[in-house]
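Student: got a sequence here, can you build the structure:
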Amino acid sequence: MKYTILALALTLVSSSVFSKGRPLLRCPKKDNKALVCHVPPGNPSNAKEIFIGKDAVEDHLAHGDYTGYCKDTNYEAKKEMCGICDADIDPNC
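Tutor: Numbers count the residues shown, from 1 in each chain. The predicted structure is shown next:
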């Protein structure tokens, strides 16, 4: 029993993706794809939200993208875009 619980805990931790301390947000309105702030290399002022498959997340994080909405996003204008809210931004989530 003790080993089963430990194995379950390790599975849950290994399946989570965090970037800059933020959990991966999946968007029901976008086929459950992950919401990532894409920061173009050499052009960080052109950052924008994109939706990508879970398999592509690690590659995006490796070149400077991060999970969730971009820091300068008008969250109120976009919170319906995913069908979920972001607890890091919205205290009513």
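Student: tell me where this structure has helices.
Tutor: 2-15, 57-62, 75-78 (DSSP state H).
Student: between those, which gets the lowest average pLDDT?
Tutor: Ranked by mean pLDDT, the helices of the chain bottom out at helix 2-15, with a mean of 35.
Student: which residues of the protein fall in strands?
Tutor: 18-19, 22-23, 25-27, 33-38, 48-52, 66-67 (DSSP state E).
Student: how about CSV for these, with mean pLDDT added?
Tutor: Putting those into CSV (pLDDT from 0 to 100) gives the following:
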stretch, mean pLDDT
strand 18-19, 60
strand 22-23, 71
strand 25-27, 82
strand 33-38, 91
strand 48-52, 92
strand 66-67, 89
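Student: so which of those strands comes closest to K78?
Tutor: Closest to K78 of those is strand 48-52 (C-beta to C-beta; 7.4 Å). C-beta: built from backbone N, CA, C; applies to glycine.
Student: I'd say I50 and P40 touch.
Tutor: No: the pair I50 / P40 is not scored as a contact, 10.7 Å apart, by C-beta atoms under 8 Å.
Student: which of the two has more residues huddled nearby?
Tutor: Set I50 next to P40 and count neighbours by other C-beta atoms under 10 Å: I50 wins out with 16 against 13.
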